[in-house]
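Colleague: Need coordinates for the below:
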Amino acid sequence: MRPVGDARGESGGPVPRWWLWATSLTVALAAGTWLWTEALHLSPTPLERYVAERAAALDTGEPVTEQVLADLARDKLAVRAGEGAFARNCARCHGAGAEGNIGPNLTDDFWIGGGAALDIYQTILRGRDGKGMPSWGLLLGTADCKQLAAYVVTLRGANRPGKAPQGARWSPAPPAK
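Modeller: As a prediction, the model looks like this:
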């Protein structure tokens, strides 16, 4: 008579070969999936896809106004997308924290082309001839330029230490009556 628990496979005998192959295949597929989606960032995350879809929805063709940019500056996802665009395209000249490098400090109250949200958007979109600021409109598109402007608007007045002030002091216009 066999002892209890000594039925097939429970006695500590060798594991069936098919089980080893199935386990190895599962581990390899899981590692490959993780590597493809997370480590190599070849596939956008669901949040990145959502932000890209929202950016595409911003490209409506309607005129860009101070109000549109102010609304975007209050939208956390739009600002986050603008921050990513800034890190990819602008940090080289303006510094990682927008404190200024080759380009001016974007966190102080001094602006070369005007510090209003619409001025910032136009500068990003069209660039500044003779100032070294390239036009980003064709490369990024209007939606990304809007998000980038919204991000820069949130930096305005943070006064991070960096490059000396350039341009004229900007202060918000008083509200219209």
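
Colleague: Tell me how many other residues surround the residue lying closest to R156 once chain neighbours are set aside.
Modeller: Among residues not flanking R156 along the chain, G115 sits closest, at 6.1 Å (Cβ to Cβ, 6 or more residues apart in numbering). C-beta: built from backbone N, CA, C; applies to glycine. Applying other Cβ atoms under 10 Å, we find 22 other residues in the vicinity of G115.

Colleague: repeat for A78
Modeller: If you count neighbours by other Cβ under 10 Å, A78 ends up with 24.

Colleague: Assess the claim that it and L148 are in contact.
Modeller: No - between A78 and L148 there is no contact, the gap being 9.7 Å when judged by Cβ atoms under 8 Å.

Colleague: Can you report phi and psi for the residue nearest to R156?
Modeller: phi -100, psi 0 (degrees, to the nearest 10).

Colleague: Quick one: residues contacting it.
Modeller: D109, R156, W170 (Cβ atoms under 8 Å, 6 or more residues apart in numbering).

Colleague: Report the separation between it and N89.
Modeller: Going from G115 to N89 by Cβ to Cβ, to the nearest Å gives 20 Å.
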